[in-house]
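Asker: Take a look and give me a structure for this.
(6 chains)
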Number of protein chains: 6
Amino acid sequence: MRPNIETFIGCDSSYEDADIVLFGAPFDSTTSFRPGARFGSAAIRHESFGLETYSPYQQKDLCDCSVFDSGDLELCFGNAESALADIENRARQILRGKKLPLLVGGEHLVTLGAVRAALQSYPDLHVIHFDAHADLREDYLGARLSHACVMRRVWELLEGEACVPSKNNAVEPLETGTAGPRIHQFCIRSGDRAEFIFAKQHTDLHLFSFDGLEALTAELAQTRTPVYLTIDLDCLDPSAFPGTGTPEAGGVSFLQLLAAIRLVSQTNVVAADVNELAPMLDASGVSTATACKVLRELLLALAPERSEKARAEF
Amino acid sequence: MRPNIETFIGCDSSYEDADIVLFGAPFDSTTSFRPGARFGSAAIRHESFGLETYSPYQQKDLCDCSVFDSGDLELCFGNAESALADIENRARQILRGKKLPLLVGGEHLVTLGAVRAALQSYPDLHVIHFDAHADLREDYLGARLSHACVMRRVWELLEGEACVPSKNNAVEPLETGTAGPRIHQFCIRSGDRAEFIFAKQHTDLHLFSFDGLEALTAELAQTRTPVYLTIDLDCLDPSAFPGTGTPEAGGVSFLQLLAAIRLVSQTNVVAADVNELAPMLDASGVSTATACKVLRELLLALAPERSEKARAEF
Amino acid sequence: MRPNIETFIGCDSSYEDADIVLFGAPFDSTTSFRPGARFGSAAIRHESFGLETYSPYQQKDLCDCSVFDSGDLELCFGNAESALADIENRARQILRGKKLPLLVGGEHLVTLGAVRAALQSYPDLHVIHFDAHADLREDYLGARLSHACVMRRVWELLEGEACVPSKNNAVEPLETGTAGPRIHQFCIRSGDRAEFIFAKQHTDLHLFSFDGLEALTAELAQTRTPVYLTIDLDCLDPSAFPGTGTPEAGGVSFLQLLAAIRLVSQTNVVAADVNELAPMLDASGVSTATACKVLRELLLALAPERSEKARAEF
Amino acid sequence: MRPNIETFIGCDSSYEDADIVLFGAPFDSTTSFRPGARFGSAAIRHESFGLETYSPYQQKDLCDCSVFDSGDLELCFGNAESALADIENRARQILRGKKLPLLVGGEHLVTLGAVRAALQSYPDLHVIHFDAHADLREDYLGARLSHACVMRRVWELLEGEACVPSKNNAVEPLETGTAGPRIHQFCIRSGDRAEFIFAKQHTDLHLFSFDGLEALTAELAQTRTPVYLTIDLDCLDPSAFPGTGTPEAGGVSFLQLLAAIRLVSQTNVVAADVNELAPMLDASGVSTATACKVLRELLLALAPERSEKARAEF
Amino acid sequence: MRPNIETFIGCDSSYEDADIVLFGAPFDSTTSFRPGARFGSAAIRHESFGLETYSPYQQKDLCDCSVFDSGDLELCFGNAESALADIENRARQILRGKKLPLLVGGEHLVTLGAVRAALQSYPDLHVIHFDAHADLREDYLGARLSHACVMRRVWELLEGEACVPSKNNAVEPLETGTAGPRIHQFCIRSGDRAEFIFAKQHTDLHLFSFDGLEALTAELAQTRTPVYLTIDLDCLDPSAFPGTGTPEAGGVSFLQLLAAIRLVSQTNVVAADVNELAPMLDASGVSTATACKVLRELLLALAPERSEKARAEF
Amino acid sequence: MRPNIETFIGCDSSYEDADIVLFGAPFDSTTSFRPGARFGSAAIRHESFGLETYSPYQQKDLCDCSVFDSGDLELCFGNAESALADIENRARQILRGKKLPLLVGGEHLVTLGAVRAALQSYPDLHVIHFDAHADLREDYLGARLSHACVMRRVWELLEGEACVPSKNNAVEPLETGTAGPRIHQFCIRSGDRAEFIFAKQHTDLHLFSFDGLEALTAELAQTRTPVYLTIDLDCLDPSAFPGTGTPEAGGVSFLQLLAAIRLVSQTNVVAADVNELAPMLDASGVSTATACKVLRELLLALAPERSEKARAEF
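Answerer: Just a heads-up that it's a prediction; the model follows:
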């Protein structure tokens, strides 16, 4: 008799054989509005048993992929820096094993830990960011490590130096070398004015939709630029995804997100995350079911073809 | 003083005068994921008092139609065959009375009972199937009478013989005479790989949407082919219809479903059903309200014109 | 130390400086189906702290506007006439102060009180009405002051005399002078047959969508006609806005409503209201969040430019 | 085929044979805090199918009683006087038929209608009142017909004249003849100070519990005094009965209420009611199930022995 | 890196070392009223992480016990006999390993499978049954394998022959040898009349409470009679345990149940189960938390003292 | 027109006149299980409008007391030390004004801030602690500032030095002078073994109930010892108070808590708090209503008699 093992459906590979390694980061201590994202990764894993492993969209089956689900990290509530260090360590370990780390949040701050690890392995990393919120604040009620600041911290990382804000929170445009911004934001429809001013100067921000993604991914694919993909599920419209801390009307549809994921998968994605499902706020269960489906499609899009394996099945 | 009578709004005809007879099948014992569809028919009846009888879409009024609501069957939980027999008997009785049976589920397996009855009266029956799921499994965890297998069982019925699956669950293409498939599936976006392979060989499956429905209904209308219409309400997108056992992102909108119902109503519909509302999962009540509206529009689309009656009103 | 003051976010003007004055009318005694709209205004105020004051849609910030939030009226439950009188008084006081009253319901009947006040100040008032329901019944279960009759009562007000219905609830077309109807209804998709017949004769009713709004607002803007805008939030599709008493499938999207608000804001809007959020029915909280955003966008669209103030900020 | 009839379980008598007649009053327009009691009677009827007809507490079976369920009245929302008139008429009709009217609310104001009818038939009526709230306000936010004032209005009825309050809401002690108070209140634990002062002068109020009920019922039974029993279900502790508009910690248990009902049943009960279940506030369904059980026990306690009928069963 | 293992808290023993083996039976196909008990075992396991392993009631710690959690069986919905066979097999395997099987339901029917296995190992087995419901029906809507009949089926098993009911469902008293009944029922407060008549003849039924349990356990302990303990959690009052399919007011408290468990643990308990938690009906989460605590206390009461292990800890 | 002011009902005193000052601490970043206590203070304030100001238990009225509600602090999520500093500052300010600070949480960690302030003013402070949990851990997942450690931190404060734990988390008994423990814990029923061992050595811990409170308060009253009263509302049984992060079966009743509060109020209470209401987990609203009532009774018990004021009322 074996003990009770619970993984995301179809992720039954051994660690050694795996191409992708899932891990959960149940953390939401900095969530400012409605908490509960800490339960996101466990809910996605648990509810995945209501999902098929086969996708008619991509005509692929998770059973033909090699994914290992290493469960949730045990993180310290109320200490963001300590939690980020644990996340960074896990991601680094996976990257060193030549596997793709796929982090499931938790609140969006967890992304910072995984980006730190990815940047060490891939110094020329670009970040593609799907979100309703710009997440570009300098600080939030005094905290610099907050979900509302995560892309600002990521920007500082990528630029290689801490950014000293000038007065009135208006940051001076930095010399960022010959290349353009390395952060590409889509679906953004919420932020304070200072964030949008910052974005105009420092990031590649696309308001409201995925407009511009196709051109971007074509270019990144051609240059084989390493890409970190971070998906805040609240990029989806609240009608499709109510179960999140800060729902913002006017978002994209599930099918639009699916198409966007497939575009990004044509680039050299080296790490990714999905975050901000808050199951306590998901009375109908639809948000969790949708998050499961997004994760399945993301795994299928990112997993390498294992032709021998797939061939053996038929 | 009369006892408390509760019917779907506007369905006040006597049985004798009725063109359509509603009946509920509160059964969900084979539901594999989230149960509760057993409460669907009662909730639709009860919440219909928040609905108008008049439809601005069709410019018709239920008060001008002749529908009788015979209430819910009392079905045995945990015994699918016995429940199906009771459903078949009720449907047969209504068909023999030259009326259209309109079954309200319950889980999708209930359809099998009503199709059995309809096939006896109409041996050349076609089935039009709106659903997120193919429902074409040979069996589900060992059960052949399961909501996940219902269209497979219907297919066996229509082909007149039990189908013996070959190895690997791959069924050999049968000789089905000169005509093409008699099962027409729309909006399908979930199933295991074997189901899609089966569908390719044996049914007329349309992925994701109602594409192809207009051509189909034109042809069926021309030949006056008898049609059974089965609507699994989870064909709707979960944003519009969260209150169901197995919500699947990426579905159709209410207005698209409405247009599809009106297309099908131009054919010779002899029986129909609406199923898979699970009120326990409908915290907001919106799914139940939408199911009521779908049922109203279906009744208005299928009810014959009673010109004297309508004339008397004005 | 100051007492606890709670206002809609960013509405921190003094009464004297304000261009717009918010007030809530927590009343729902005539709600026939699912009550709870009484809690709408308090929920909108309370949950607004999860909202940004800046809108990327309009590129404006509430912090640059002058809005005063005077809180909720204390209304008598079960006495509609008394509640309407209190609402009318508050609206009149604000109008006399040369400010724009923005009423937050509560059920839709509250509109009648504010229209009474507006009509006194602006005898040539037109009313633009966004709603799923026509609200044109002569009475509802015997009550003439009901949410289901509110636009009928408004119509009587605008036409300057009580309307005596003829038999069968069919009202004779009145001589309304040279001009056309002064009530303009959009998104309407529910009502009994008599309401639609009444509308054909007496109001400018647009079924299902905002089709026709652009032409209307262009004309009203040109003539500087004073406009009262009443938004029943159930004009939105229930997928976007489930938390309301009588959800009706087939509605408009948030982005469509936003565009419509901006069209209307080009006319001479002298008073407005937003109503029918029922937080008890909003398990996910998404409806309340959306109502907050609609109110923010409405305030930003209606607030005059305060150039000195805005200038000082940068 | 018969139409769908839905009654409280086991209440299948014809009207003619019935000893007790149930009727529902779905009204809650004056509810000041959390509405929804309008759905109480329908929920009790609907959920009663989860209840046994046999009571091991009383060793009686509803199947041996003769109860007729006449369904819900159709009442006008927002017009309390009109609703009360309809309730009074129904109760009078039942009393004239020499049957016991058992009213199921709705909010507590509905009691006033039934007491009016009972007082006409029984001028020496006493009222036994189980409630968390004294309900003795002179008016509530200006309304005299409010759930918060119902026992004050009942008191005026019983004393045969309207009571003119003196200044400061302090009513002068009236000459009420030789007898003591005719209103007997139990479990009361909420009210403003003026209500408790009024009670000290005019009613027989017992704080917090059923202390004193045994002595009272013994006396009333001996004199065959006609008794109206009104049960506001919020007399129960919120742990046992959360689903009500104004829950008050510190209430009685289900078993204590059961014992109290059986004590009262030894008097000459001529009419009764059960009210204030609000199913929208009953997420767990436990309050509704408990209300069903209270109603079953009340029916069994009040129904006369039908010895021939019971005998025939064995 | 290890895969994600999820067990009841503190149940980290290997199978070989274990004294007690937990297993879940996620089955509820025969539930007649409100389904969802299928999710009970997974919820108990998942939410146990909010529980301490130490009990101040028993001054014991789960970390000092040897319990193995073998997860949930994968059972076929809609086929009760097949599910029972799987449960029986698992229980038999554990019993043969000289360990105590502790089954977590699921609906109450699952008990029948485990009792079958226990009776094979212990022909003189007695059953102690804590429940609100007698569960002694001959059949329920035609089904003999139903949660409402489970103790009737257990009775037939223990008496060694199928029981043929006479007319009117009244079973003739059987010769059951010299000993008294082998089924001991406590807290029972619901059933139809025939069940109570049956119980009077054939079981040792105690109404409403644990009265009589102390005498019984003293006797069973003295004779070292093997005991199967089945706990339907709805024996608890709905105030303490709302999250169950058929809540019955008037139940026992958590502390009373705890005391009862400790009494039973002084007998020779050879197998046990805990069932009927329905997490979908547990909006507050309190029922699940309480079920976890009941299971912890049951494990601590039944687990043998491992003195070396406990000693090593200090 | 005044802006919208929202205070706890009846707390309308000016700051200057106030004897007691309420303030809220909306913080829950260290909550390890189910978050949401951050919304507790706002919910208590908002829902208090459903409460009477008069208490029949104490026969006092909040309108006769002088309480000022200063609203909620704006605290930084994810930074416990910073939040505690803000709480300490507010409490110190109130104490210096010779008023009693009454803190409403938030999670239980907030108590530490207020105790720091109180200890400065009252070096001989004792703490009376009502709670289900001992809260005596040395650290929790590495965090020393956690709700699970708050009484351990308070103990260190009171003992005047940080406590260095020896190996195995077993703290050496300190010399605490001539007096016994200054922390008095009641209703405790959850903790790990080490916490109970610590309590045996260092605190005055009473398991399960209020046994011993009467003797304690008599002694403290006699010596006029300054007392800080901290009430974790989860001391209540989950049946009475489900809406909290870590519900523990087996707690006290509302009436028992009420009696305990009145006992403590006979001592020299100099500061107090009420915490751990989590409104998101309170589907029925009963927990919030009960928290309001606990706060009312606490205020009435602690507020000095204002005889002139009360006299003027009559």
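
Asker: I'd like to know the phi and psi angles of the residue in chain A that chain D sits nearest to, please.
Answerer: Closest contact between chain A and chain D, by Cβ to the nearest Cβ, is at A:A283 (9.8 Å). Where C-beta positions appear, they are placed from N, C-alpha and C, glycine not excepted. Torsion angles at A:A283 (phi, psi; degrees, to the nearest 10) stand at phi -50, psi -40.

Asker: Help me confirm that it comes into contact with C:S284.
Answerer: Yes: at 5.8 Å, A:A283 counts as touching C:S284 under the criterion of Cβ atoms under 8 Å.

Asker: Name all residues that make contact with the residue of chain A closest to chain D.
Answerer: Counting by Cβ atoms under 8 Å, 6 or more residues apart in numbering or on different chains, A:A283 makes contact with A:G243, B:A283, B:S284, C:A283, C:S284.

Asker: Go through the residues you listed and name the one nearest F:E276.
Answerer: In terms of Cβ to Cβ, no member of these lies closer to F:E276 than C:A283, at 23.0 Å.

Asker: any idea how far the closest one is from D:T244?
Answerer: 19 Å (Cβ to Cβ, to the nearest Å).

Asker: Per-residue pLDDT of A:E305, please?
Answerer: A:E305 is assigned 69 on the pLDDT scale.

Asker: Kindly report the same for A:D237.
Answerer: 98.

Asker: phi, psi of it?
Answerer: phi -60, psi 140.

Asker: Tell me the spacing between it and B:I183.
Answerer: Relative to B:I183, and taking Cβ to Cβ, A:D237 is found at 34 Å.

Asker: If you count surrounding residues, which of those two has more?
Answerer: A:D237 (27 against 22; other Cβ atoms under 10 Å in any protein chain shown).

Asker: what's the nearest residue to that one if we skip its chain neighbours?
Answerer: Closest residue to A:D237 apart from its sequence neighbours, by Cβ to Cβ, 6 or more residues apart in numbering or on different chains: A:G251 at 3.6 Å.

Asker: now do A:A148
Answerer: A:A148's closest residue in space is A:Y140 (Cβ to Cβ, 6+ apart), at 4.2 Å.

Asker: Kindly report the same for A:L100.
Answerer: Closest to A:L100 by Cβ to Cβ, 6+ apart is A:I20, at 4.7 Å.

Asker: what's the farthest-apart pair in the contacts of A:A283?
Answerer: Applying Cβ to Cβ across those, the maximum distance is between A:G243 and B:S284, 12.7 Å.

Asker: I'd guessed A:E297 sits against A:K60; true?
Answerer: No: using Cβ under 8 Å, A:E297 makes no contact with A:K60, being 9.3 Å away.

Asker: which bits of the stretch 1-150 of chain A sit near chain E?
Answerer: Residues of the stretch 1-150 of chain A lying close to chain E (Cβ under 8 Å from any Cβ of the partner chain) are A:1-7, A:15, A:21, A:42, A:45-46, A:68-72, A:93.

Asker: and for A:G243 and B:S284, which residues touch both?
Answerer: A:A283, C:S284.

Asker: Those two: who's more crowded?
Answerer: Neighbour count, other Cβ under 10 Å: between A:G243 and B:S284, A:G243 has more, with 32 against 25.

Asker: Tell me if the more buried one really is in a helix.
Answerer: No: under DSSP: H, G, I helix; E, B strand; the rest coil, A:G243 sits outside any helix and is assigned coil.

Asker: so who does it touch?
Answerer: For A:G243, the contact set (Cβ under 8 Å, 6+ apart) comprises A:L277, A:A278, A:P279, A:M280, A:L281, A:D282, A:A283, A:V286, A:S287, A:T288, C:S284.

Asker: Closest residue of the stretch 151-300 of chain A to chain E?
Answerer: Counting by Cβ to the nearest Cβ, the stretch 151-300 of chain A gets nearest chain E through A:A283, at 8.9 Å.

Asker: can you tell me how far that residue sits from E:P35?
Answerer: For A:A283, the distance to E:P35 - Cβ to Cβ - is 18 Å.

Asker: Repeat that for A:V286.
Answerer: 19 Å.

Asker: Same check on A:A25?
Answerer: Going from A:A25 to E:P35 by Cβ to Cβ gives 34 Å.

Asker: Buried ones in stretch A:90-97, by neighbour count?
Answerer: A:R90, A:A91, A:R92, A:Q93, A:I94, A:L95 (16 or more other Cβ atoms under 10 Å in any protein chain shown).

Asker: can you tell me which of the residues you listed lies nearest to E:R262?
Answerer: For these, the nearest to E:R262 is A:R90 (43.5 Å; Cβ to Cβ).

Asker: Would you enumerate the residues in contact with the closest one?
Answerer: With the criterion set at Cβ under 8 Å, 6+ apart, A:R90 makes contact with A:F23, A:S70, A:L73, A:P101.

Asker: can you give me the helices in the stretch 51-200 of chain A?
Answerer: A:80-96, A:110-121, A:150-159, A:193-202 (DSSP state H, counting those that start in this stretch).

Asker: May I see the buried residues of the third one?
Answerer: Neighbour-count burial for helix A:150-159, counted by 16+ other Cβ under 10 Å, picks out A:V150, A:M151, A:R152, A:R153, A:V154, A:W155, A:L157, A:L158, A:E159.

Asker: same for chain B: which of these are within range?
Answerer: Okay, of these, nothing touches chain B (Cβ under 8 Å from any Cβ).

Asker: which of those lies closest to D:E219?
Answerer: A:V150 (73.7 Å).

Asker: That closest one contacts A:G106, doesn't it?
Answerer: No: using Cβ under 8 Å, A:V150 is not in contact with A:G106; the gap is 11.3 Å.

Asker: Name the residues that touch stretch A:92-102?
Answerer: By Cβ under 8 Å, 6+ apart, stretch A:92-102 touches A:15, A:18-23, A:67-68, A:90-91, A:114, A:117-118, A:120-121, A:269-274, A:298-299, A:302, E:1.

Asker: Narrow those residues to just the buried residues.
Answerer: Here, 16+ other Cβ under 10 Å leaves A:18-23, A:67-68, A:90-91, A:114, A:117-118, A:269-274, A:298-299, A:302, E:1 buried among the contacts of stretch A:92-102.

Asker: if you look at those, which of them are in strands?
Answerer: Using DSSP state E, the subset of the buried ones among the contacts of stretch A:92-102 located in strands is A:I20, A:V21, A:L22, A:F23, A:V67, A:F68, A:V269, A:V270, A:A271, A:A272, A:D273, A:V274.

Asker: any idea how far A:N4 is from A:T246?
Answerer: Taking Cβ to Cβ, one finds A:T246 at 34 Å from A:N4.

Asker: Over to A:V150?
Answerer: 34 Å.

Asker: next one: A:E107
Answerer: 28 Å.

Asker: same thing with A:D61?
Answerer: Relative to A:N4, and taking Cβ to Cβ, A:D61 is found at 25 Å.

Asker: The two - which one has more neighbours?
Answerer: Neighbour comparison, A:D61 and A:N4: the larger count goes to A:N4, with 21 against 18 (by other Cβ under 10 Å).
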